[in-house]
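> Model the following, please.
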Amino acid sequence: MMSLRTIASRARLAGGRLQQARAFGGYVQPPLNQGPGGKEGLIADDAEQATGREREELKAFAEGHEYFNRQPVQMQSGQGTFENPVMVPSELHERAVGIVPKGQDGPIWFNITDQGVQYVPEVDLHFKLYNPLK
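Sure, this is the predicted structure:
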């Protein structure tokens with residue numbers, strides 16, 4: 001049987017290693033965000049057992065907000081040229097974009113960054129990322 005002192009020192013060591021692992025690669029993860037879990041004898045619903053981004057999304061939805069923008073980008077007539085690129089909203093510096101060309105069943109996926117206008121040869125269109133909050 002371990003003493004409380006041994007358990008506490010091991011917990012501190014594990015916590016120290018956990019912090020190092022969480023900051024691996026220069027990315028520091030946000031603190032763990034989890035729900036209270038299910039009540040004894042009942043099956044937990046999504047809000048009670050969700051963690052991380054899913055929990056944040058459910059909390060925002062309950063408050064009437066949209067956590068992730070799932071609205072499709074609608075191209076206007078004449079968009080897609082270098083002078084008039086398709087504008088894609090994102091609060092981040094990079095975003096994955098999918099487009100279904102006419103006559104195809106599935107999307108073509110590609111990444112764009114906030115480094116100016118980018119040409120996607122598979123669809124022969126130009127895209128530009130912008131921050132809708134600025």
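> right, and Arg55 touches Asn33 too?
Yes. Between Arg55 and Asn33 a contact is recorded at 5.4 Å, counting by C-beta atoms under 8 Å. To be clear about C-beta, it is placed using only N, CA and C from the backbone, and glycine gets the same treatment.
> neighbour count winner among these two?
Arg55 (19 against 13; other C-beta atoms under 10 Å).
> what sits against the more buried one?
Arg55 makes contacts with Asn33, Gln34, Gly35, Ala47, as judged by C-beta atoms under 8 Å, 6 or more residues apart in numbering.
> how about it, secondary structure?
With DSSP: H, G, I helix; E, B strand; the rest coil as the basis, Arg55 sits in helix.
> Per-residue pLDDT of it, please?
We have a pLDDT of 86 for Arg55.
> for Gln104, same thing?
89.
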